[in-house]
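In: quick one: sequence and predicted model below, then my questions.
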Amino acid sequence: MSVTKWDINLVRNIGISAHIDSGKTTLSERILFYGGKIHAIHEVKGKDGVGATMDFMELEREKGITIQSACTQVKWKDHVINLIDTPGHVDFTIEVERSLRVLDGAILVLCGVAGVQSQSITVDRQMKRYGVPRLAFVNKLDRQGANPFRVKDALVEKLKLNAVLYQIPIGLEDQHRGVIDLVQMKAFINEGANGEIVKEIPVPEELRAKAEEYRQILIEKLADVDEHIAEKFLMEQEITIDEIRQATRRAVINLKLVPVFCGSAFKNKGVQHVLDAVVYYLPTPAEKKEYAFDLKNNEAKIELFPDDKKPLVALAFKLQDTPFGQLTFMRVYQGRLHKGDFIYNTTTKKTVKVPRVVRMHADKMEDLEGASAGDIVAMFGIDCASGDTFTHEGYEVAMQSMHIPDPVISLAIAPKDKNSQNNFSKALQKFKKEDPTFRVYRDEESGETIIQGMGELHLEIYVERMKREFNCEVVVGQPQVAYRETITQEATFDYQHKKQTGGAGQYAKVIGRVIPMEPREDGVTFVFENKVVGGRIPKEFIPAVEEGFREQCTKGPLIGFPIVNLKVELTDGAYHDVDSSYMAFKICAMAAMREVYPKAKPAVLEPIMKLETTVPEEYQGAATGQINQRRGVILNTSSVEGSAVIEAHVPLAEMFGYSTDLRSATKGKGEFTMEFSHYALAPRNIQEELVKKYQAKKAAENK
């Protein structure tokens, strides 16, 4: 297959992300249809039994949710758009995280009725983390209670985005016919069986004044963030359509503005305008700055340029197992990649040959000869992990890896029969490689295999996939919550380690204090400070003391969970010329930690989840009662068009089985989303119960 001429200015790498059920996959399906990729539109929970193109896993089609991010490419008016449809469910947050890491722009989809929901906030935080420019699309305007003006205000208030309407709707709910484009001051409606014909109509007279008012707001907002427009605005000169588009593009790329579009993907309205906006306003791969770190020069920052002649830099951002072997999704940032090339993995320091380069379209693929800078492709037969950087040998740089959240829930799991043992370990290895938030370890004390993940649904999906893809039935134990231990008051230690046997002995002495620490933004949970002066402990033994304390924090004596938010200050100590060693100081520090810990009033921390429950208003009392019973603290309740939205903080330990209870209390109409918020002190009675259980478990093991 020949490689078509690659013009980087005509390329857009974009993702579609949003809260669950805002219509991301429905929007993707329309984009594929209008981009000529598919010849018929299938719905997420379609009656035709086919299911949406991008939801190609059997499980996704059954549950009607997106589990894996899917990748495809469409052509739109001479432009090439690489598109990734990401899951909205918080349990699959890593899929969104890794997609946003490699994308240049995104479409934030919002429901026209519910507006900004809890998961929209999470996605927004992820976009901000990677500096991704975005457009907003207010979807579902055909639904009762839809109001894009209210959603735009919520973007400003809740997400602190400079959101500006670039379109206003013609009619809402069952009257929704089309949109007025405020840049061109023209009205458009969609015609044809699938809305494929975009027809221009005169701006309806009754909406003209409103359209002019909102266009004025648009220009004022642009003038605030763009000097060129500000100048013309103050001079009261005519501002052309091209000037508005160029200024908007600059503002979007610099993260100063979020244009808001509206429509109804399900009713095939407004999607083509969003594609036009992607082309007009989102950056090309050359316009979003990307950096790598020079491994030969103290990790100095190097700016990357999407230039085919420069040395190759590509990032493996997602792995997927297929019947043909491991598929590695790659974003090429710099240089060119050819089939048959030898490329170097700067993480593992291994050189591998590229046997096959393909372009993915959900689960179908086409072979390519190679890929240029700025492209997103997939490769077969390359063994690597998610987040590895590939270059040409001799060019030692690495890209910044992704933020990987810690798991909050674990399950003991075992194959039903001994014969499936092989498939069981194969499945676990595969899932672990595909998904960095899915962890597997063996509990040495109980001999059980434990899997950890981001939530009940996350682990439930993997258990189901084991059954389907590996023909391996499993027995699942009780879910386990990831507790933590901490100290609540300062305490001092003064410990001497002395051991005399034949020959050289062991001697070390450490003095200092342990101090409780506030949880830190950067996720650091242990800080060690050396305040020893006058060489009381030789410099080479200080790391041994830190290592001893750090190691002792991996498993607390209270309930056997890691100790967090602890600062150790080493102020004094003593050593012996002959008997002191690295090991002696490490053992001394470990013993000092064991001795001081009970004096520092240790306590148990439990994970608190942010819960957002949406129920019809008549069930609000029942839903609130359920949250209170589960030790929940209600933060806010609001009502949106006949539905009550309850936001609360609830301990994860109390949330098992919540979905069943909520469904039965609301006749199946209640919905909820939940994500990890923070750790908080567990109530005394719960702490005592956990300590008792842990001591009983230890006593049973020691028998």
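Out: On my side now, so go ahead.
In: ranges for the helices of the stretch 101-250 of the chain?
Out: Using DSSP state H, counting those that start in this stretch, the helices of the stretch 101-250 of the chain run over 118-129, 148-159, 205-225, 227-234, 241-253.
In: so which of the ones you listed gets nearest Glu688?
Out: helix 118-129 (32.9 Å; Cβ to Cβ). C-beta: built from backbone N, CA, C; applies to glycine.
In: mind giving me the packing neighbours of the closest one?
Out: strand 11-18, helix 93-102, strand 105-111, helix 148-159, strand 671-681 (3 or more Cβ pairs under 8 Å, 6 or more residues apart in numbering; DSSP states H and E).
In: mean neighbour count, distance to Leu234 and mean pLDDT added to the ones you listed, as TSV?
Out: Putting the helices and strands packed on helix 118-129 into TSV (neighbours: other Cβ atoms under 10 Å; distance: least, Cβ to Cβ, whole Å; pLDDT from 0 to 100) gives the following:
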stretch	mean neighbour count	distance to Leu234	mean pLDDT
strand 11-18	26	33	82
helix 93-102	25	37	70
strand 105-111	26	31	87
helix 148-159	18	24	89
strand 671-681	18	45	83
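In: can I get those in a markdown table including distance to Asp406?
Out: Formatted as a markdown table, these follow (distance: least, Cβ to Cβ, whole Å):
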| stretch | distance to Asp406 |
| --- | --- |
| strand 11-18 | 21 |
| helix 93-102 | 12 |
| strand 105-111 | 25 |
| helix 148-159 | 25 |
| strand 671-681 | 8 |
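In: check which helices and strands the lengthiest strand in the chain sits against.
Out: Counting residues, the longest strand found in the chain (DSSP state E) is strand 602-616. Contacts defined by 3+ Cβ pairs under 8 Å, 6+ apart place strand 602-616 against strand 484-487, helix 620-629, strand 643-651, strand 671-681, helix 684-702.
In: what distance separates it from the centre of its chain?
Out: In terms of Cα atoms, centre = their mean, to the nearest Å, the centre of strand 602-616 is found 19 Å from the chain centre.
In: so for that strand, what gets flagged as buried?
Out: Neighbour counts over strand 602-616 (16 or more other Cβ atoms under 10 Å) mark 602-615 as buried.
In: surely Pro557 forms part of a helix?
Out: No. Secondary structure of Pro557 (DSSP: H, G, I helix; E, B strand; the rest coil): coil, not part of a helix.
In: tell me who's in contact with it.
Out: Neighbouring residues of Pro557 by Cβ atoms under 8 Å, 6 or more residues apart in numbering: 594, 597-598, 602.
In: would CSV of these with secondary structure, pLDDT and distance to Gly35 be doable?
Out: Shown next, in CSV, are those (DSSP: H, G, I helix; E, B strand; the rest coil; pLDDT from 0 to 100; distance: Cβ to Cβ, whole Å):
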residue, secondary structure, pLDDT, distance to Gly35
Arg594, helix, 93, 63
Tyr597, helix, 94, 61
Pro598, helix, 93, 65
Pro602, strand, 94, 59
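In: by neighbour count, which of the residues you listed wins?
Out: Tyr597 (22 neighbours; other Cβ atoms under 10 Å).
In: quick check: the nearest residue to it once chain neighbours are set aside vs Ala378, distance?
Out: Of all residues not flanking Tyr597 in the chain, Pro557 sits nearest, at 6.3 Å (Cβ to Cβ, 6 or more residues apart in numbering). Distance of Pro557 to Ala378, given as Cβ to Cβ, to the nearest Å: 48 Å.
In: related to what we said a few turns ago, now, which of the contacts of Pro557 sits nearest Gln478?
Out: Looking across these and measuring by Cβ to Cβ, the closest to Gln478 is Pro602, at 24.8 Å.
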